[in-house]
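Undergrad: Structure, please.
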Amino acid sequence: MAKFGIIIVAAGASSRFGGDEKKQFEDLAGRAVFIRAAEPLMNHPEAGSVVVVVAPDDLERIKLRWGSHLGFHGIKLTGGGAQRVDSVAAGFALIPDDCDHVAIHDAARPLIGEELIEKVFAEAVASGAAIPAVPLTATLKRVEEGPPGEWGGQKRTVTGTPGREGLWLAQTPQVFRRTIYAEALAKRDQLTVPITDDAQLVEAIGHPVSVVRGTAENFKITTAEDLAMARDLLKARGVTGPKAPDRRHRF
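TA: Sure, this is the predicted structure:
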C-alpha cells in the first residue's frame with residue numbers, strides 16, 4: 001500500500017487578496033482556509049506525515065495561534081523560502097522516508113473533494129506523477145500594457161488571440177513518487193524559466209505527468225470574492241461557522 005506525505009503550501013504573500021489577513025489564514029466556516037485545505041488530504045487512509053509551510057515572518061504567529069492544534073493532529077510546521085519551489089523543498093525535507101509518494105497542495109484550495117483526491121492519488125501510484133486539471137474554456141487574449149488611459153488607470157490593448165486547444169488549467173494536489181520528485185527537486189537550478197508549479201520540475205527531467213480531470217469547486221482563493229464564493233459553497237453543503245469567529249478556538 002502506498003503512503004503519501006502531504007505538503008500544504010501556505011507561504012504565499014497573498015498580495016492580490018487585500019485586507020489585514022492573508023487569504024490562507026482567513027476564516028472559512030469556522031476553520032482557517034489552510035486547515036480546510038489540509039483536512040481532506042490528511043483524512044485519506046493512506047496519508048502519512050503532514051507538513052504545513054508558511055512564510056518565515058508568519059511562523060511564530062501561526063505557532064501561537066494554531067500550534068497546539070496542529071501538534072495534536074501530528075502536523076509539522078515549518079518556514080518556507082523566497083520562491084514557491086523553495087517552500088516546497090522545505091516541506092519535502094520533513095517528509096519521512098516511509099512515505100513513498102508526496103502530495104503538494106495549495107493552502108488556498110480548501111474545497112478539494114475526496115473523489116478527486118482518490119483519483120489523483122491512484123494515478124500517481126500507477127504512473128509516478130499526476131495532477132488534476134480542467135480544460136481551458138474561456139478565450140485567451142494577449143494584452144500589452146501602455147501609458148495611463150484618458151480616463152485614468154493603465155491602458156491595455158489586445159495584441160492577439162492565442163488558440164486554447166489542448167490547454168488545461170493546472171490544480172493541486174500535485175502528486176509524485178518520492179524518488180521522482182526528489183530527483184526533480186535536486187535539478188531545479190537547471191531550469192532557466194520561472195517555476196510556477198511542481199509538475200514543471202518533473203516535466204523538466206523528462207518524466208511524463210498524467211492528468212486527471214479536476215473539478216470547478218477545487219478553485220484557488222485569490223480575491224475576497226473567491227473567499228465569499230467558498231463560504232457560499234460550504235453553506236450550500238450545510239457547513240457553517242460563526243459570523244464573528246472566536247479566534248482563540250479556530251481549528
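Undergrad: Can you show me the strands along the stretch 1-150 of the chain?
TA: Ranges of strands in the stretch 1-150 of the chain, per DSSP state E, counting those that start in this stretch, are 4-10, 27-28, 31-32, 47-54, 75-79, 101-106, 129-135, 142-148.
Undergrad: For Asp226, which of the ones you listed is the nearest?
TA: When these are compared by Cβ to Cβ, strand 27-28 sits nearest Asp226, at 10.8 Å. Every residue, glycine included, has its C-beta placed from N, CA and C.
Undergrad: Please name every helix or strand in contact with the closest one.
TA: helix 224-236 (3 or more Cβ pairs under 8 Å, 6 or more residues apart in numbering; DSSP states H and E).
Undergrad: just how off-centre is the helix it packs on within its chain?
TA: From the chain centre to the centre of helix 224-236 is a distance of 17 Å (Cα atoms, centre = their mean, to the nearest Å).
Undergrad: same thing with stretch 179-193?
TA: Its chain's average C-alpha position is 19 Å from that of stretch 179-193, according to Cα atoms, centre = their mean.
Undergrad: quick one, which of the strands of the stretch 1-150 of the chain is nearest to Met229?
TA: Taking the strands of the stretch 1-150 of the chain one by one with Cβ to Cβ, strand 27-28 is closest: 10.9 Å.
Undergrad: which neighbours does the closest one have in its sheet, and in what orientation?
TA: strand 31-32 (antiparallel) (DSSP bridges).
Undergrad: Now find how far off-centre the partner strand is within its chain.
TA: Counting by Cα atoms, centre = their mean, strand 31-32 is centred 16 Å from the centre of its parent chain.
Undergrad: which stretches of the stretch 101-250 of the chain have low pLDDT?
TA: 149-152, 241-250 (pLDDT under 70).
Undergrad: tell me, what residue is most central in this structure?
TA: Taking Cα atoms, centre = their mean as the criterion, Asp106 is the residue nearest the geometric centre of the chain, at 1.1 Å.
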